[in-house]
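Visitor: Provide a 3D model corresponding to the input given below.
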Amino acid sequence: MVSVAKPVKQKPKAYSDAEIKKFFEAMTDEEYERYAFFLATGCREQEVMFATWDDIDFAGKTYKVEGKSVDSEEFRAEESRSARDSSHH
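Guide: Modelled structure (predicted):
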């Protein structure tokens, strides 16, 4: 049987402005840039991990989120499906 987590009854406590300031002051320059990017864009972790310079329009002050995928030559759903289906016969 799979156990299911109990719902959280209390909302998490938000950090105070002083705590956030202390947190950012303790960061390296690279950490600061990364977290500032998170906060400024509202991106999720993987969107930040796969961001490239080409996704950023500095003049327009925009960041374009695009799906990054593996080389399509390595995986084709049709080939995978037929290989899987033939192995079950």
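Visitor: from here on, contacts and neighbour counts on C-alpha atoms
Guide: Fine.
Visitor: for the nearest residue to residue 41 once chain neighbours are set aside, what are its contacts?
Guide: With CA to CA, 6 or more residues apart in numbering as the criterion, residue 41 has its nearest non-adjacent residue at 7.6 Å, and that residue is residue 63. The neighbours of residue 63, taking CA atoms under 8 Å, 6 or more residues apart in numbering as the test, are 41, 55-57.
Visitor: Next, check these against the helices and list the overlap.
Guide: residue 41 (DSSP state H).
Visitor: any chance of the contacts of residue 63 in JSON lines, plus neighbour count?
Guide: Shown next, in JSON lines, are these (neighbours: other CA atoms under 10 Å):
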{"residue": "41", "neighbour count": "15"}
{"residue": "55", "neighbour count": "13"}
{"residue": "56", "neighbour count": "14"}
{"residue": "57", "neighbour count": "11"}
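Visitor: among the contacts of residue 63, which are in strands?
Guide: Mapping the contacts of residue 63 onto strands (DSSP state E) picks out 56-57.
Visitor: Show me which of the contacts of residue 63 is closest to residue 29.
Guide: Nearest to residue 29 among the contacts of residue 63 is residue 41, at 18.1 Å by CA to CA.
Visitor: returning to what we had before: could you measure the residue nearest to residue 41 against residue 36, distance?
Guide: 13 Å (CA to CA, to the nearest Å).
Visitor: if we can go back for a sec, quickly list what the residue nearest to residue 41 is bridged to.
Guide: Beta-bridge partners of residue 63, counted by DSSP bridges, are residue 56.
Visitor: What distance do you get for it to residue 31?
Guide: Distance from residue 63 to residue 31, by CA to CA: 19 Å.
Visitor: Got the confidence number for the residue nearest to residue 41?
Guide: Per-residue pLDDT puts residue 63 at 86.
Visitor: Can you pull out the low-pLDDT segments for the protein?
Guide: Residue ranges of the chain with pLDDT under 70: 67-89.
Visitor: Alright, I will stop here.
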